[in-house]
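> Below: sequence and its predicted model.
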Amino acid sequence: MRVTELTGLPDGVPEHLEDEGIEELYPPQAEAVERGVTEGESLVASVPTASGKTLIAELAMLAAVERGEKALYIVPLRALAGEKASAFERFERFGLSVGVSTGNYESDGERLANNDVIVATSEKVDSLVRNGAAWVDQLGCVVADEVHLVDDAHRGPTLEVTLAKLRARVDGLQTVALSATVGNADELASWLDAELVDSDWRPIELRTGVHYGQALHLDDGTTRELPVERGESQTAAIVRDTLHDDGSTLVFVNSRRNAEGAAKRLANVVAKELGDDQRVALAEIAEEIRAVSDTETSETLASAVERGAAFHHAGLAKEHRELVEEAFRDRLVRTVCATPTLAAGVNTPARRVVVRDWQRYDGDAGGMQPLDVLEVHQMFGRAGRPGLDPYGEAVLVTDDHDGLEGLFEKYIYADPEPVRSKLAAEPALRTHVLATVATGFATTRDDLLDFLDGTLYAEQTDEAGRLASVTDDVLAYLDANGFVERDGDGLRASETGHLVSRLYVDPMSAAEMIHGLREADDDTTPLGFYHLVSRTPDMYELYLRSGDRETYTELLYEREAEIPGSTPSEFSEGEFEDWLAALKTATLMEDWTEELDEERIAERYGVGPGDIRGKTETAEWLLGAAERLAGELDLDCVRAVRDARKRVDYGVREELLDLAGVRGVGRKRARRLYRAGVEDRSELRNADKATVLGALRGRRKTAESVLAAAGHPNPEMDAVTADPEAAPEENGGTNDGATDGTDDDGQASLGDFE
DNA sequence: CTCCACCATTTATAGACAGCATGTC
DNA sequence: CTATAAATGGTGGAG
C-alpha cells in the first residue's frame, strides 16, 4: 500500500511521509491500516523490533487528532519519552502539539490539557488519572508501547490497570498495543477487543545462530568459519571478525562486573584496529566521561572508551549511558558490553549482537535461571541497523557440543513465551485497589471486582475466585491501616487514603512511614528518617555483602535510638536482614548528606555513580511523601523530615541548606562559599564580590549568575579581582589534586574515615 | 630468595517508575 | 538449594 492512499489523516501528512522517503507501507503497517487503525479501530500489533511499529502508532494518533480527539502514547521508560516525543514533533507543522509528562520532566508552555498528543510513562498516566486529570475524557486513542511488559511482575500491573481504567472511563477508546512477537498475541487482542496483526516480517534480514568451536552455525543450516585464536575468547573472535567487516558488536552479559570485565578485554581487540583520528575522538569522549564523575567506575569506562570499547549498565550515571550510546551510534565505540539495560532502552542497533550469557543469577530461584526466549529475542532484535547494514546477525556462544543443539532448540527455533498477567498478587493490587476506591471509580466491592474484570488477568485466569480473594485480603489490609473505610458493602477512602493514592506510594510504604513518623521523637536523627524510608517496599534495598552483617549489626545497636520504630528480633531472620540492609542504605544517604564525595561512597558501598543518584532520588521522593503524611497527620516531626529531605536533595550538611537552595549553587559551591565566610543566602546577597569570586575559583560567569540568583544588587564581575584568601585551599588529603581540569571538588575535610 | 604459572578457594550476582516545586559543576 | 566468572590465595618449580 502506498502512503498516498492513506485517508483520515490531516491534510499533507501522506505527502510529508513521502518526502521522508516513506512511499510504500511495510506489510504489517499496510495490514494495520486495512484493519482500520486510521479509522479508530483498536489493534494489537505483535511484530519484531524495528519493523515499523512506531509508524502504525503515528497513523492512529494522527487520525485521532484529525477527528478532533486527543492521543496518548504510553512508554515503558522515561528515557524513551523524549525520543518518541521528538519523533512526533515532526508533525507539529500539521497543527498538532506534542507534550511530555514523566516524573522528572514535564513539558512547559501549554498545559497537557492543550496538547493533542501526550507522551508519558504508564506510572505517570496512572498518577495523572489518580489526580483527576480532566483531559483524559477527551482521549480518542491510547497507544501502549511494548505492551508485552504487562508480564513484568513489578511494573506490568500498572500498565495493565491503567489501560483497563482508561478503557472503562472513555467509551469506545481506540487502543493500539504494540508488542514484541509473543506467544499469545491473540489473547492480548481479545482482552483489548482489538484487531490483530501478528507478523514476523522485518525490513532487514536477521540471521541468528550459535558460535561453537571455530565456526558460526546459522539458523539456515549453513556454517561459516570464524576462528578463535589462542588465548582469545570466542566473543573476542566474533568482535574481531565483525570489525574486519567494518561492523560494530553489542555483547550482552549477565552482570555488571562481567560487562566491565568483558569491555576491558575487548578494548584490547578493538584498540589494534583504530586509526589516529578515531583515537583523538575517543580520547575526547573519555574526558567527558571522567568529567561526569570521579568514581572508579567512571575511570574504568573512560579507559575502555579510549580504546574503542565500552560497557553499559545501571551503575552508570545517566550522562555516562548517554555518552556511551551516542559514541556507539557514531561508530566511534565499536563494541559495547551491556547488561539488559540496553535491550529495552533507547535504540542502539549494531551489525552483530552476541548474547554471551543466557543465564542469570536469581537469588529467589536459588541459582542461575535461563533468560526468557522473549528477552533473548529482544536482544537479538538489536542486530542490524535499518538502511545502514545489509543484514543483522545475532549469535549465542557455547563451548560444548551438546550446548550447540540445546541453544538452537531453546532460543533459535523456539517461540517466545506467552505473556501472563501478574496482577493477582497483593503488592500489585494494594496500590491499584486503593487508587480505584480513592478516585471514586469503585464504591462497592462489586464495583471493584467489576472493574478488575476488565483486566488481562481476568481474561486469562481459569481460577475464578483468585482475584476476588486477593482483593478481599487487600481490602482488609487497607481497612486495618485506615486507608479505606468499609460501610457494609460500601467502600470509601479516608483522607489519608486519598493522600496516599495521590502521592503514588505503595500503601504498605505509607503504613510503615506513618507508623515510624508517629514514633519519631527528639532522639530521631536524619539517619533515622533515612532508615524509615529505606525500609519501605518502594526503596530498592542495597545488598548485604559478606562482613556487612556484623558491621551493620554493631552499628545498629550503636545508633538504635536514632531510628524510629522498633528493631525486629535478631532471630526473625528475614526481617532483621531487611532492617540491616535498610541501615546500610540509610548510612549511604547519611554519607551523602555529610558531603562525602561520590568516589568514597561508591567505594564504601560497592556501588556505581548511577546507584548513588538513583538511591538519593528515591529517598528524596519518599521523604517528600513522608513530609506530606506527617503534615496530614499533624505530627511534630514535619520540620525534621523536611530538613532531612532537603539535605538528601542537595547532598549537604545542615549549615548549607540555605545556601544550596540558591539557584546555581550545589553542594560543592555552597561548601566553598561557606568556607570563605559566606554562610547563608542573605550574606551572599550582600557579600564582597572579591570573596565570592575567589570562593568560586575565579569563574566570573558563574559568580555573576550565582549573585544574581541570590538577589545581589549588582552582580557584575568585570572589574573584580578574586580574593585569594577566599579560594579553596587544595589541602591534599581528601582531594589529592588528581582531579585537574575536570572538576576539583574542594570538599570540606570530612574528618577521619576508615 | 624471588618470581611466576597454575590450581584451589572464595566471593558476588539486572533493572528503575513515582510527588512537588524549582534549578548541578 | 540448581551456576559461573572473576578475584584472591596458595603451592611448587624455575631461575
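Yep, it's here. Numbers count the residues shown, from 1 in each chain, chains lettered A, B, ... in the order given.
> From here on, just use CA atoms for contacts and neighbour counts.
OK.
> of all the residues in the stretch 351-500 of chain A, which ones are close to DNA strand C?
A:361, A:364, A:365, A:366, A:367, A:368, A:369 (Cα under 7 Å from any atom of the strand).
> Show the pLDDT at the fourth one.
To tie it back to what came earlier, the one meant is residue A:366. In the predicted model, residue A:366 carries a pLDDT score of 74.
> burial count for the closest residue to residue A:561 other than its chain neighbours?
Distances taken as Cα to Cα, 6 or more residues apart in numbering place residue A:523 nearest to residue A:561, at 6.2 Å, with adjacent residues excluded. Residues near residue A:523, counting by other Cα atoms under 10 Å, number 13.
> And for residue A:316, nearest residue in space, chain neighbours not counted?
Closest residue to residue A:316 apart from its sequence neighbours, by Cα to Cα, 6+ apart: residue A:610 at 4.5 Å.
> and that neighbour, that's in a helix?
Yes. Judged by DSSP: H, G, I helix; E, B strand; the rest coil, residue A:610 forms part of a helix.
> for it, what are its contacts?
A:314, A:315, A:316, A:317, A:318 (Cα atoms under 8 Å, 6 or more residues apart in numbering).
> Then residue A:316?
Per Cα under 8 Å, 6+ apart, neighbours of residue A:316: A:297, A:298, A:608, A:609, A:610, A:611.
> Residue A:685 too?
By Cα under 8 Å, 6+ apart, the contact set of residue A:685 is A:707, A:710, A:711, A:712, A:713.
> pLDDT value on it, please?
The model's pLDDT for residue A:685 equals 88.
> Need the residues that contact the least confident helix or strand in chain A by mean pLDDT.
Least confident helix or strand, chain A: helix A:401-407 with a mean of 83, by mean pLDDT, DSSP states H and E. For helix A:401-407, contacts defined as Cα under 8 Å, 6+ apart pick out A:210, A:211, A:212, A:396, A:398.
> Of those, which is the most crowded?
In the contacts of helix A:401-407, the most neighbours by other Cα under 10 Å go to residue A:396, 27 neighbours.
> now that one, what's its secondary structure?
Three-state call for residue A:396 (three-state DSSP): strand.
> May I have the residues that are in contact with it?
Contact partners of residue A:396, counting by Cα under 8 Å, 6+ apart, are A:209, A:210, A:211, A:354, A:355, A:356, A:358, A:407.
> Need the phi and psi values for the fourth one.
According to degrees, to the nearest 10, the main-chain angles of residue A:354 amount to phi -110, psi 120.
> tell me the contacts of it?
The contact partners of residue A:354, taken as Cα under 8 Å, 6+ apart, are A:235, A:249, A:250, A:251, A:252, A:394, A:395, A:396, A:397.
> Closest one to DNA strand C out of these, please.
Nearest to DNA strand C among the contacts of residue A:354: residue A:397, at 9.7 Å, using Cα to the nearest atom of the strand.
> since we're on residue A:258, how many residues are nearby?
17.
> Quickly find the element holding it.
helix A:256-271 (DSSP states H and E).
> and what of residue A:14?
Assessed by DSSP H and E, residue A:14 sits inside helix A:13-19.
> Could you report the pLDDT at the closest residue to residue A:152 other than its chain neighbours?
With sequence-adjacent residues excluded and distances taken as Cα to Cα, 6+ apart, residue A:152 is closest to residue A:422, at 6.9 Å. Residue A:422 is assigned 95 on the pLDDT scale.
> related to what we said a few turns ago, the contacts of helix A:401-407: which two are farthest apart?
A:212 and A:396 (8.9 Å; Cα to Cα).
> picking up where we left off before, out of the contacts of residue A:396, which comes closest to residue A:533?
For the contacts of residue A:396, the closest approach to residue A:533 (Cα to Cα) belongs to residue A:358, at 35.1 Å.
> How many neighbouring residues does the closest one have?
Neighbour count for residue A:358, taken as other Cα under 10 Å: 21.
> wait, what's in contact with it?
Neighbours of residue A:358 in contact, by Cα under 8 Å, 6+ apart: A:253, A:254, A:370, A:371, A:376, A:396.
> hey, where'd the strands end up in the stretch 451-600 of chain A?
Using DSSP state E, counting those that start in this stretch, the strands of the stretch 451-600 of chain A run over A:484-487, A:490-493.
> possible to save those strands as CSV with mean neighbour count, distance to residue A:560 and mean pLDDT?
As requested, the strands of the stretch 451-600 of chain A are arranged in CSV below (neighbours: other Cα atoms under 10 Å; distance: least, Cα to Cα, whole Å; pLDDT from 0 to 100):
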stretch, mean neighbour count, distance to residue A:560, mean pLDDT
strand A:484-487, 17, 33, 94
strand A:490-493, 20, 35, 95
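> closest to DNA strand B out of these?
Comparing these by Cα to the nearest atom of the strand, strand A:490-493 comes nearest, at 16.7 Å.
> where's that closest one relative to the chain centroid, distance-wise?
34 Å (Cα atoms, centre = their mean, to the nearest Å).
> for stretch A:547-555, same thing?
31 Å.
> Can you list phi and psi of the closest residue to residue A:247 other than its chain neighbours for me?
Spatially, and ignoring its direct neighbours in sequence, residue A:247 is nearest to residue A:351 (5.5 Å; Cα to Cα, 6+ apart). With angles defined as degrees, to the nearest 10, residue A:351 sits at phi -60, psi -50.
> so residue A:351 sits right up against residue A:389, yeah?
Yes. Between residue A:351 and residue A:389 there is a contact at 6.4 Å, judged by Cα atoms under 8 Å.
> Looking at these two, which is more packed in?
Neighbour count, other Cα under 10 Å: between residue A:351 and residue A:389, residue A:351 has more, with 25 against 16.
> Quick check: pLDDT value at the more buried one.
On pLDDT, residue A:351 comes in at 94.
> circling back to that earlier point, identify, from the contacts of residue A:316, the entry nearest to DNA strand C.
Lowest distance from DNA strand C to those (Cα to the nearest atom of the strand) belongs to residue A:297, with 12.0 Å.
> Phi and psi next, for that closest one.
Torsion angles, degrees, to the nearest 10, at residue A:297: phi -50, psi -50.
> since we're on it, how many residues are nearby?
Neighbours of residue A:297 under the rule other Cα under 10 Å: 21.
> Please apply the same query to residue A:719.
Residues near residue A:719, counting by other Cα under 10 Å: 8.
> what does the one 3 residues further on give?
Other residues near residue A:722 number 21, with proximity taken as other Cα under 10 Å.
> Return the residues in contact with it.
Taking Cα under 8 Å, 6+ apart, we find residue A:722 in contact with A:689, A:690, A:691, A:692, A:693, A:694, A:697, A:698.
> Looking at these, which two lie furthest apart in space?
Applying Cα to Cα across the contacts of residue A:722, the maximum distance is between A:689 and A:697, 12.3 Å.
> Looking at the two, which one has more neighbours?
Counted by other Cα under 10 Å, residue A:689 and residue A:697 do not tie: residue A:689 has more neighbours, with 24 against 20.
> pretty sure that one contacts residue A:720?
Yes. If you go by Cα under 8 Å, residue A:689 and residue A:720 touch, sitting 6.9 Å apart.
> What helices and strands are in contact with the strand or helix carrying residue A:432?
According to DSSP H and E, residue A:432 maps onto helix A:426-438. On a contact count with 3 or more Cα pairs under 8 Å, 6 or more residues apart in numbering; DSSP states H and E, helix A:426-438 meets helix A:156-169, helix A:445-452, helix A:466-480, strand A:490-493, helix A:495-503, helix A:507-519.
> I'd like those as CSV, with distance to DNA strand B appended.
Converted to CSV, those look like this (distance: least, Cα to the nearest atom of the strand, whole Å):
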stretch, distance to DNA strand B
helix A:156-169, 9
helix A:445-452, 21
helix A:466-480, 19
strand A:490-493, 17
helix A:495-503, 4
helix A:507-519, 10
